Structures are given as structure tokens and as C-alpha cells.
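Participant: fold the following for me, if possible:
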Amino acid sequence: MIVVTVVPFTGIAFGHGLGMDMAPPISFEGMKVTVMTTLDPRDITVGNVNTANIGVRFYDTLSDKNLDSVTYRIEVFRNEKLLARNLFYDQDGLLNIQVKPQTKCSETESWRCTKYFGEEDLISGGLMARGNSVPIIQGPIFDKGGLYNINVVIEGATSPKALVADPLIFETFVSVAQDQNFIIKTAQAKEIPVIVKTYYDEVTDFKFDSNDSSISFNMPFNWDPTYIKLVQVVHEEIRIPKSFLPYGEGKQFKGYVNGVEVDNRVLLLDPYSYEDKNVIHFLVTGTELDRINNKLGSKQTPDLMIFKLVPQEGSSTNSIELKFENGATGKISWDSKYGAGQDIPFEFSFFDNNKNLLRDIHYGYEILDKNGKQIAVNTGSDPNMAGILASEGIDIQKIKIPTQDMYKFRLLLLGQGMPVNLKYSGIIEGVLEVGAPGKTIPSDLITPSLTYTIPSWIKTNAKFWSDGKITDKDFVNGIQYLIKQKIIKIPSTQKEGSGSSTIPVWVKNSAKFWADGKTTDDDFVNGIQFLIKSGIIKV
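Facilitator: Have a look, this model is predicted:
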């Protein structure tokens, strides 16, 4: 799979996924409004889907509420070629459009083959949904793999008669997959099938080198530094049988882009999704692309990205598994060749109760020594999106562990998808032992030993706050009470009564989840303690 996610020209994107994207917020009548587009199904593969749904949500990021009575102009592009453009109207700020891909179009300009069906709103002139019926676009859309630009222009809001003074323009990007099949011919005359799933452009010049068992292939790519600044991540997926020994169980890999070895965080191995196949992901960030570009300088190939994957010998792995009350499991693994005093690439993998990977999961972590001193913490850096996003359910974070010792590991699940679904949220603690490099150490799961009793009015406050009936300050006052009563303990570096910063929307959603009885008091207290220590909530 190859995904190149491009940041919209209007600014930095706040969240990208395989079949979803959110544009940067724009100020509008005292609100911070944005558009989020989603595909259903999320992972569209050319030839496997006859119909798909484009969901377009227009909402205020501060309150997480949709604007109503919205007139949209939707434009769909692929490779800067217009495929569709039409007006739509929706009463609740959540527009759904059904797309029926059409594979044959003899027109030079593809948009001329596109047709629109649905009931027209008499005031705005836009196609609208009524009951179970939704507007339909039929044309050369999602008939080919690649990156699609869904341009959303808000012509009016709050009433079909109310036009905005200056149309609000949002650019979002979603990807459609195309499988490409290749064959490796071994010295024993065996044929090994390999699938590269590409979301950007066709893969060419696929090769297998029997000397080092490496796989390589090319993809068109613009290495101009101006373009590189717009690229958030290049994502490839290679599926290969586990029975093929060079790519079998326990193997490690090195990856190269245009001859430059990529950071070990770039490669993710997924042995979970298929019983008979391993999936190897390249996740090359914009920062890594920039590093490669700078290293090659004038030697850079201007219009081609050359990928190379080289299997290495397997090695022993340390790991712990943490089981959440919501049924999810978090697995933390690291190669035993790494140890204390080093930046250890910890792999985080997340599974549902059926042992399937939890894709698009948001998470955070904290590591404490046996004296309670914080060694590391990461809850993400985007105030508009919960935690660190593991789009494939697997992520690698480099964490430096200072000395050989036992450490407490707190793992926080903040929900799944975009917008965040709180079904998979919670916090759990485990213990891990980090030794010298090369040492394999078993680690056992422990459960938190403290049980908390929270006054009922705090839960009522959380409910009121999540519903917008009380202010952030009122909610923080309740948290301050819990601290004064020693129900929540915080580090000495924090001072009570220091005020509060803007609290992200997803924290409010978590409070609602607890207030509705979907998480325990222990989860709530551990979560708030974690958020205070990491600076997300200041008191």
C-alpha cells in the first residue's frame, strides 16, 4: 500500500487517515469551523466496490457541534483534473453523497461524464437528502487508485436563504487503493505471489534480488522541496506469504528510499492481519523525506521514488500485554538488542477482543521509575485530535530508558477514528523491566492497586460539562476539590489554583463517557491524573 497524504494548501492538516481527512479550522462568527470528509467503506479498492459514500461534516471544533442548514459546493479532483462539481444542501450539517464509479468515459474532460441524481432544494438549489434517500454522483470517480482532492466550499449556513459573505473553502484528501500483483521466481523455480497495494500511483520495475532477498520497486514522485513541504507521509504496504522464509516469522527488515536507509520507525511489520501473509509497511514521514532529500542533494532522482526492502536475521523480542476493561489489548514490544541507556524503538500494537488490529486508534503513554519519577510521557501534540494516532493499529516510538531497572508503564487509550469513538478508551498500568542490550526479560502484567471513591456530584459536574451546561473553569474547580481531598494525587511540580488552559474536545468526550457509566471511577481518576501530569489539564 502506498499512501501519500498531502497537507491542504490552506495550512497544516489536523488529521489524515486512509479514508478520512480534516481541514484546518477557519474563524467564522466567533467559532472555529472545519470540514471533515470520510469514506465508507474506509478502505476502497478499485474493482471491489460498486458504491461508496462520501460523508462531509461541517462543525465547530470548540463545541464539537454541527452547523445546520448548510449549502455546500462539492468539487472532486484527481491529479488536478476535475471529476465532479455540484451544489448540495443538508439540514443537520452532515452531508452524505453516494458515489457510483463509472469506468468508461470517452470525454477528454472527465467531468463531462459525471451525472447527478437526487431531490433539489427549492431555495438553495442544492441536491439534498430526504428520509433514506441521498444524492448520487455517477461518473469516473474512485474508478482508479490514487489521491483524490475533495474540495468543500460552504456557500451558506444556518438557513437555506443565508449565504456567507465570503465562501469558506476547505481542502481535504482521501485515498483509493489499487492492488498490483507481482511474482518472485526463486532458484528452486517456485513462484511466490506478492501484492503491493498502491494509493498514489502505479508501481513499476518490481524486482527481487536473490543475493540479499531484497524487494525493490519504483513509483513516480516529485522531490521538489516545495512539494515535500506539503507531504505528510508516504505509506506503502507489501503483502507476502509467511511460508517464504526470507520474509517469514520473526524476521527484521531494513528499508531504503532512493538508496538512503530510513529510520527504523519507518518500517512496521504486521503479522496479525492475515494467517498466511506478513504485511510490511513503509511509513515515511515528511520529515524523513526532507532528510533523504537533503542527504542526496544534487544526486536526488527528481521524479522517482525507489523503495527497497531487505530482510535481516530474526532476533529475540521483549514484550508485555495490557488488557483493558473495554476488551482492547495493548502490546508493547522491543528488540532485545536494545537496552538501558539507549533510545529503544518500542512497538505499540492494539487489538480488539477478537484479536483484530484496532486501526485509527488514538493512544498515549507514561513511564515512571520505582520512585514515581516520570521518565517519559507522550499524549500527542495536536490539540484538536486525541493522542498519538496509530493509523494501522501499530506504531513505533523511540523512548530512552536511563538505567537497568523495573518501570511502571501507563498506557492510555483515547478512542478510535475521526471523529473519535470512545468505545475503546481507558487507562491501564503494567510493569516492564529494562536490562542491558541483548538481554531478554519476561515482564508480568500488574493491575492498579488503588481504588477511588468519587463523590456523586463530581460525576454530575462531568455530565453537565460534557453537555456544555457548565464552563471549563467549573469543571476544573471540581478537579481541584478531588486534589485537595487527596482523591487525585499530582506531582509536586504542579500547583493548585494555577488556572486552566483550553481543554481539548476529546477530554470532554472522555468525561461524558465516564459520567454515562461506560468507564470506572479508577479509569477516570487515573486518566485525569495522567492528563494533569502531561500538562493537558492544568490546575
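Participant: who are the packing partners of the helix or strand harbouring residue 32?
Facilitator: Here residue 32, judged by DSSP states H and E, is contained in strand 31-40. Under the contact criterion of 3 or more CB pairs under 8 Å, 6 or more residues apart in numbering; DSSP states H and E, strand 31-40 touches strand 20-22, strand 26-28, strand 52-60, strand 146-156, strand 163-176. In this view, the C-beta of every residue, glycine as well, is placed from N, C-alpha and C.
Participant: pLDDT of that strand, averaged?
Facilitator: The average pLDDT within strand 31-40 is 91.
Participant: for it, which positions count as buried?
Facilitator: Taking 16 or more other CB atoms under 10 Å as the neighbour-count basis, strand 31-40 is seen to contain the buried residues 31, 33, 34, 35, 36, 37, 38, 39.
Participant: before we move on, back to that, dump the helices and strands packed on strand 31-40 to TSV, plus mean pLDDT and mean neighbour count.
Facilitator: Compiled in TSV, the helices and strands packed on strand 31-40 are given as follows (pLDDT from 0 to 100; neighbours: other CB atoms under 10 Å):
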stretch	mean pLDDT	mean neighbour count
strand 20-22	83	26
strand 26-28	90	14
strand 52-60	93	20
strand 146-156	90	21
strand 163-176	86	18
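Participant: turn these into a markdown table, including distance to residue 409.
Facilitator: Conversion of those to a markdown table gives the following (distance: least, CB to CB, whole Å):
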| stretch | distance to residue 409 |
| --- | --- |
| strand 20-22 | 30 |
| strand 26-28 | 40 |
| strand 52-60 | 35 |
| strand 146-156 | 37 |
| strand 163-176 | 34 |
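Participant: would you agree residue 145 is in contact with residue 174?
Facilitator: No - Residue 145 sits out of contact with residue 174 when judged by CB atoms under 8 Å, with a separation of 11.9 Å.
Participant: quick one, helices of the stretch 351-500 of the chain?
Facilitator: Across the stretch 351-500 of the chain, reading from the start of the chain, the helices by DSSP state H, counting those that start in this stretch fall at 456-466, 472-484.
Participant: still on that earlier bit, list the neighbouring strands of the strand holding residue 32 plus their orientation.
Facilitator: Based on DSSP bridges, the pairing partners of strand 31-40 within the sheet are strand 20-22 (antiparallel), strand 26-28 (antiparallel), strand 52-60 (antiparallel).
Participant: which SSE is the nearest residue to residue 116 once chain neighbours are set aside in?
Facilitator: Once flanking residues are discounted, residue 116 sits nearest to residue 86: 5.2 Å by CB to CB, 6 or more residues apart in numbering. Using DSSP H and E, the secondary-structure element containing residue 86 is strand 81-90.
Participant: give me the residues contacting that strand.
Facilitator: Counting by CB atoms under 8 Å, 6 or more residues apart in numbering, strand 81-90 makes contact with 69-77, 95, 97, 109-111, 114, 116, 121, 124-129, 135, 137, 139-141, 148, 155, 160, all of which sit outside it.
Participant: hmm, back to that, how about JSON lines for the strands paired with strand 31-40, with distance to residue 366 added?
Facilitator: What follows is the strands paired with strand 31-40, written out as JSON lines (distance: least, CB to CB, whole Å):
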{"stretch": "strand 20-22", "distance to residue 366": "27"}
{"stretch": "strand 26-28", "distance to residue 366": "34"}
{"stretch": "strand 52-60", "distance to residue 366": "31"}
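Participant: quick one: closest of the ones you listed to residue 311.
Facilitator: Proximity to residue 311, assessed across the strands paired with strand 31-40 by CB to CB, is greatest for strand 20-22 (32.9 Å).
Participant: residue contacts, the closest residue to residue 347 other than its chain neighbours?
Facilitator: Leaving aside its chain neighbours, residue 347 sits nearest to residue 333 (4.6 Å; criterion: CB to CB, 6+ apart). With contact taken as CB under 8 Å, 6+ apart, residue 333 is in contact with 317, 318, 319, 346, 347, 349.
Participant: residue 333 looks like it's in a helix, true?
Facilitator: No - judged by DSSP: H, G, I helix; E, B strand; the rest coil, residue 333 forms no part of a helix; its state is strand.
Participant: that one bridge partners, please.
Facilitator: Under the criterion DSSP bridges, residue 333 forms beta bridges with residue 319, residue 347.
Participant: so for it, what's the pLDDT?
Facilitator: You'll see residue 333 listed with a pLDDT of 89.
Participant: residue 420: which of the contacts of residue 333 is nearest?
Facilitator: Closest approach to residue 420 among the contacts of residue 333 (CB to CB): residue 349, at 19.5 Å.
Participant: the closest one: which element?
Facilitator: Using DSSP H and E, residue 349 sits within strand 343-351.
Participant: quick one: buried residues of that strand?
Facilitator: Using 16+ other CB under 10 Å as the test for burial, strand 343-351 gives 344, 345, 346, 347, 348, 349, 350, 351.
Participant: which of the contacts of strand 81-90 fall in strands?
Facilitator: 70-77, 95, 97, 116, 127-128, 137, 139, 148, 155 (DSSP state E).
Participant: that older thread, and the average pLDDT for the strand holding residue 349 is what?
Facilitator: In this model, strand 343-351 has an average pLDDT of 93.
Participant: contacts for it?
Facilitator: Residues outside strand 343-351 that contact it (CB under 8 Å, 6+ apart) are 264-265, 268, 272, 328-335, 338, 357-358, 361, 363, 365, 390, 393-401, 411, 413, 424, 434.
Participant: centre of the chain to it, how far?
Facilitator: The gap between where strand 343-351 is centred and where its chain is centred comes out at 15 Å by CA atoms, centre = their mean, to the nearest Å.
Participant: what does stretch 350-367 give?
Facilitator: Per CA atoms, centre = their mean, the displacement of stretch 350-367 from the mean C-alpha position of its chain is 12 Å.
Participant: against residue 201, how distant is residue 304?
Facilitator: For residue 304, the distance to residue 201 under the criterion CB to CB, to the nearest Å works out to 11 Å.
Participant: then residue 345?
Facilitator: 30 Å.
Participant: next one: residue 308
Facilitator: Separation of residue 308 from residue 201 (CB to CB) stands at 18 Å.
Participant: residue 258 now?
Facilitator: 16 Å.
Participant: with residue 241 instead?
Facilitator: Relative to residue 201, residue 241 is positioned 26 Å away (CB to CB).
Participant: cool, and residue 343?
Facilitator: Looking at residue 343 against residue 201, where the rule is CB to CB, the gap reads 34 Å.
Participant: residue 23 contacts residue 170, doesn't it?
Facilitator: Yes - the pair residue 23 and residue 170 passes the contact test of CB under 8 Å, sitting 3.8 Å apart.
Participant: OK, contacts around the nearest residue to residue 55 once chain neighbours are set aside?
Facilitator: Distance criterion CB to CB, 6+ apart; nearest residue to residue 55, sequence neighbours excluded, is residue 38 at 4.3 Å. Taking CB under 8 Å, 6+ apart as the contact definition, residue 38 lies against 19, 20, 54, 55, 57, 418.
Participant: can you name the two of those residues that sit furthest apart?
Facilitator: Of all pairs drawn from these, the greatest distance, 14.8 Å, lies between 54 and 418 (CB to CB).
Participant: now the helices for the stretch 151-300 of the chain?
Facilitator: With helices called from DSSP H, counting those that start in this stretch, the stretch 151-300 of the chain shows them at 225-228, 286-296.
Participant: now those helices in JSON lines, please, with extra columns for mean neighbour count, mean pLDDT and distance to residue 374.
Facilitator: What follows is the helices of the stretch 151-300 of the chain, written out as JSON lines (neighbours: other CB atoms under 10 Å; pLDDT from 0 to 100; distance: least, CB to CB, whole Å):
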{"stretch": "helix 225-228", "mean neighbour count": "12", "mean pLDDT": "86", "distance to residue 374": "35"}
{"stretch": "helix 286-296", "mean neighbour count": "17", "mean pLDDT": "93", "distance to residue 374": "26"}
